[in-house]
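A.B. asks: What follows is a predicted structure for the sequence shown.
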Amino acid sequence: MPPLMSRIFWFVNKFFMVPMFRLGFGPFFGNPFTGYIMVMKVIGRKTGKVRLTPVNYAIYKGDVYCISGGRTTSDWFRNLLVNPDVDLILPSGSIHARVEEATDPKLKLILARQVLKNAGFAGFFEGYNPFTITDDELARKIEDLPLLRFHPLGLGNGPSDAGGWAWIWAFVITAILIIWLVR
């Protein structure tokens, strides 16, 4: 991905997507054009701080999958190698999961293609069309692309749970209604 596009995605993810998911508005942003997004709560390998990272995903046979577009150099990927337990904020709810790299070539081909399709317009930034590329060509293109499998272990903390931000919009709407009713 070109550096400018990478910077734009970083800005939009940090200052728009993550806050929207923390506020509980995740379900309103998934569609075939913009893609289907989840937010991972990853523990930093050096700082131990929680890092919130939006990624595209696919669900297959009860597990959640994503790919690391930055290959093995992305910080969130390296953080997951050190701390494989993670909370995922999906549009439909939050789960706690353990991550592992999925290395089966057949599974990797199927799910990398699906994640790229689920990425909407961003799926084309790898330099090919995930809907029309042949299996052989796709297999060559994703050789160094890690596919991560998140196996759900239980519930995770979501926007409406302690530490989430969904209370903010509920509070604001309630305050506006009270003020409107009093007048």
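C.D. replies: Looks like it arrived, so ask away.
A.B. asks: tell me which helix or strand of this protein sits lowest on mean pLDDT?
C.D. replies: Of all regular secondary-structure elements in the chain, judged by mean pLDDT, DSSP states H and E, the least confident is helix 3-12 with a mean of 84.
A.B. asks: ok, what's across the strand from the residue nearest the centre of the chain?
C.D. replies: Centroid check for the chain by CA atoms, centre = their mean gives Val55 as the closest residue, at 2.7 Å. Here Val55 sits in beta bridges with Met38, going by DSSP bridges.
A.B. asks: Go ahead and confirm it touches Gly35.
C.D. replies: No - Val55 lies out of contact with Gly35 (CB atoms under 8 Å); the separation is 9.7 Å. C-beta: built from backbone N, CA, C; applies to glycine.
A.B. asks: Not counting its own residues, what contacts the longest helix anywhere in the chain?
C.D. replies: Using DSSP state H to define each element, the chain has its longest helix at helix 166-182. Residues outside helix 166-182 that contact it (CB atoms under 8 Å, 6 or more residues apart in numbering): Arg22, Leu23, Gly24, Gly158, Pro159, Ser160.
A.B. asks: Now for the last one, how many residues are close by?
C.D. replies: Neighbour count for Ser160, taken as other CB atoms under 10 Å: 14.
A.B. asks: where does it land in three-state SS?
C.D. replies: Taking DSSP: H, G, I helix; E, B strand; the rest coil as the rule, one finds Ser160 in the coil state.
A.B. asks: Hmm, it is touching Gly24, no?
C.D. replies: Yes - in this structure, Ser160 is within contact of Gly24 by CB under 8 Å, at 5.9 Å.
A.B. asks: can you tell me the helix or strand for the closest residue to Val50 other than its chain neighbours?
C.D. replies: Closest residue to Val50 apart from its sequence neighbours, by CB to CB, 6 or more residues apart in numbering: Lys41 at 5.3 Å. Using DSSP states H and E, Lys41 maps to strand 37-43.
A.B. asks: ok, Tyr36 to Pro27 distance?
C.D. replies: Using CB to CB, to the nearest Å, we find Tyr36 at a distance of 11 Å from Pro27.
A.B. asks: If you count surrounding residues, which of those two has more?
C.D. replies: Tyr36 (20 against 12).
A.B. asks: That one and Thr103, how far apart?
C.D. replies: From Tyr36 to Thr103 the distance is 24 Å (CB to CB).
A.B. asks: With Asn56 instead?
C.D. replies: In terms of CB to CB, Asn56 sits 20 Å off from Thr103.
A.B. asks: All set now, cheers.
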